[in-house]
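**Q** Make a model of this:
(chains A and B)
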Amino acid sequence: MAVSDSARPVGLAEEEHYQSHSLWYDAFTRLLRNRAAVLGLIIIAILVVIALTADLMNQWGWIDHYGRQHRGSSLADPLECSVDVDKDGDGVPDPIQFCFLLGADRLGRDLLSRTLYGARISLAVGVVGALVSLLVGIVYGVISGFYGGRVDQLMMRFVDFLYGIPILPLIIIMQVYFRALRENADKVGGLGETMVNIDNSMGGLFFLFIALGMLNWIGMARLARGQVLSYKEKEFVEAARSIGASNRRIIFTHLLPNVIGPLIVVEAMAIPGYIFTEAFLSFLGLGVNPPMPSWGALITDAINEGAIRFRTHLLLVPGFALSITTLAFNFLGDGLRDALDPRMRGEA
Amino acid sequence: MGKFLIRRTLAAIPVLLLIIFVTFVLIRSTPGGPFDMVGEGRRVPESVVRGLERQYGLDQPLLVQFVTYLGSLARFDFGPSLGRSTLGQPVTEIINRGLPVSMQIGTMAVIFGFLFGIPLGVLAALYHNTMVDYTATFFAVLGASIPNLVLGPLLIIIFAVILNWLPVMNNTIFRETIYNPAVIFSWEYISAAILPVFTMGSGMIAGIARLTRASLLQVMREDYIRTARAKGLRERTVIYGHALKNSLIPVATILGPLLAGVLTGSFIIEQIFNIPGIGKEFVESVTNRDYNLLIGVTIIYSTFLVAGNILVDVMYTWLDPRIRFD
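**A** Numbers count the residues shown, from 1 in each chain, chains lettered A, B, ... in the order given. A predicted model of the protein is given here:
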């Protein structure tokens, strides 16, 4: 460790307790000091647990399966219990089978169970949407920015061209196409049929991911390129190059850790957007396949059935879930920005 | 400036052409045609479907269809509607009917957003790190977190059903403004428009307020603000004369996303409040498989968004003379 000792600044040499923390450690401690961000983090953690254990809770009998219909319990009020019809025909109704804590929808499906299952869809859409665009954007942007020259020019021309395309109409059109594909899977065959099969096994999420990920990486690619451009001329990169570091090493150990902070912040802030988009697509009937419950689909059901006047909770429960999730991601995004980029502190 | 505008407009043409191409080809090549559902769920004889397809030119090769479509687009003709209830009606007519209604709501929402968003942001910035700031920021985050999809029905329940202050739905009044613009000032119009406009505008207020706050805080730290204060100018003059205009430059960028917000907003809000605008037509064209209407509305929306982005750039140069695009 002789090298690191001699490299240490003179002023700090005597300080035995001086400890250098990594960028991430510092950022994390700063994040934990932000109360709103911690609240957001807790809410998201709870949602993740719910999303992961929904099937398990169903097995334990705590909640119902999302698609299970209780005949005779259409639009049941909260705390009502299902009295399923008399199956054995002895004139006596079968014993109570399930109690709806938050009521049931028109088809007699438990609202609470469907809302809890809905966390899976919203989180999956938000997280996968963010990861895909982060990954594609970083790869594209870093290559373009780092290699520069003609490669950069060509790649950015392409991005500039795509940048002008409005994303939402295209997402809608693609989902319309995918839905028609799904309905006619038997006639299409080949690749189309394979994709429909994958999509069906994911309850409609696969096509949703494709449509969402298609163009959302573009802003990220531009941001990543700009960051790389500003960092690659810095002294520490030059220093690394002068001691013979390979491009690969410079990119992964010197550029990426510096570049990635703002990108993560932007993506964290974008997650509510993905969740909203899914809810919006469900509203158009272009979301996940029924009976898969997404919060957008639950809200849409409540609105379309006209049930909201008399059964307001059908709207309020999934609406609350959607709002609180968005709020949590907004808090976390704000906190992350403050933590990863202290210069911006308290400004936005 | 003029040169810049021309260059940007020219650059937008291939983008629009690509959008038209992708939209057209994707929708026209979707497996299963618009006439599969003509008979309301009943199976229609194959010959009838083929006949309808021939009548509307859907039996031609895709590329021929596209060229024909481009030709009619040049005459602002979006082709005939293929929907069940509006079969054969020109799509242009449907768009002409709906667009003014949507634009009324959208414009009012944007004005509403700026009218409340900017003062809220300024207030939060001026009282930085006080209770005023925290309250404003809290409501801004809250406003950005409640989706239109939830807020709209919620407002209907509160104001129309429980309190009974406003009519639940009044969808004819919006079209009357075309013949009689003075209707806008009648109570009948205001009571019908206030909830949709508020629903659409609340998210905008939140976004604008946050951006204004951030930007004003940054500007207040600039050297020229210190100079202005050192000259002994009153604080009021410093803020309104020197800081505010410069702080609004980043706020102008939000016009692009705002336009997109009006777009999504119109899809949701017009459906929820039963407003006969272009967004409602669009949502119905998706469920009815009215492919011509779907393509037409997508093209219209995309054009608006592309034009909006150019507008943002123009506003940049106007707000900040340092920015030059030539």
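**Q** ok, now how distant is the residue positioned nearest the centre of chain A from B:Gly121?
**A** The residue lying closest to the centre of chain A (CA atoms, centre = their mean) is A:Gly126, at 1.5 Å. Here the distance between A:Gly126 and B:Gly121 works out to 27 Å (CB to CB, to the nearest Å). In this view, the C-beta of every residue, glycine as well, is placed from N, C-alpha and C.
**Q** quick one on the thing from earlier: surely the residue nearest to the centre of chain A and A:Ile271 touch.
**A** Yes: contact status for A:Gly126 versus A:Ile271: in contact at 4.2 Å, counting by CB atoms under 8 Å.
**Q** Now do the shared contacts for the two.
**A** Common contacts of A:Gly126 and A:Ile271 (CB atoms under 8 Å, 6 or more residues apart in numbering or on different chains): A:Phe329.
**Q** in the chain, which spans are helices?
**A** As the question left the chain open, I've gone with chain A. Assigned by DSSP state H, the helices in chain A fall at A:2-7, A:23-32, A:35-59, A:111-147, A:149-163, A:167-183, A:185-188, A:190-201, A:205-231, A:235-242, A:247-249, A:256-283, A:295-304, A:313-340.
**Q** my bad, the chain I had in mind was chain B
**A** For chain B, the helices defined by DSSP H occupy B:2-28, B:46-55, B:62-74, B:91-126, B:131-145, B:148-155, B:173-179, B:187-219, B:223-230, B:235-237, B:244-253, B:255-272, B:278-288, B:291-319.
**Q** What residues sit buried inside the shortest one?
**A** Within helix B:235-237, no residue qualifies as buried by neighbour count (16 or more other CB atoms under 10 Å in any protein chain shown).
**Q** what's that helix packed up against?
**A** Packing partners of helix B:235-237 (3 or more CB pairs under 8 Å, 6 or more residues apart in numbering or on different chains; DSSP states H and E): none among the helices and strands.
**Q** how far is that helix from where the chain is centred?
**A** Offset of helix B:235-237 from its chain centre (CA atoms, centre = their mean, to the nearest Å): 36 Å.
**Q** Residues touching it, excluding its own?
**A** By CB under 8 Å, 6+ apart, the residues outside helix B:235-237 that reach it are B:Ala228, B:Arg229.
**Q** number of nearby residues for A:Leu322?
**A** A:Leu322 has 28 neighbours, counted by other CB atoms under 10 Å in any protein chain shown.
**Q** isn't it right up against A:Ala279?
**A** Yes: A:Leu322 lies in contact with A:Ala279 (CB under 8 Å); the separation is 6.2 Å.
**Q** The nearest residue to A:Phe236 once chain neighbours are set aside: neighbour count?
**A** Nearest non-adjacent residue to A:Phe236, counting by CB to CB, 6 or more residues apart in numbering or on different chains: A:His254, 6.3 Å away. Neighbours of A:His254 under the rule other CB under 10 Å: 19.
**Q** show me the contacts for A:His254.
**A** Here A:His254 is in contact with A:Phe236, A:Val237, A:Ala240, A:Ala245 (CB under 8 Å, 6+ apart).
**Q** Of those, select the buried ones using a PyMOL command.
**A** Applying 16+ other CB under 10 Å to those, the buried members can be selected in PyMOL as follows:
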select buried, chain A and resi 237+240
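**Q** and of the contacts of A:His254, the nearest to chain B?
**A** Closest approach to chain B among the contacts of A:His254 (CB to the nearest CB): A:Phe236, at 27.3 Å.
**Q** quick one: low-confidence ranges for chain B?
**A** Scanning chain B with the threshold set as pLDDT under 70 gives B:1, B:32-44, B:168-171, B:321-326.
**Q** Any idea which residue is closest to the centre of it?
**A** The centroid of chain B falls nearest to B:Val262 when counting by CA atoms, centre = their mean (2.4 Å).
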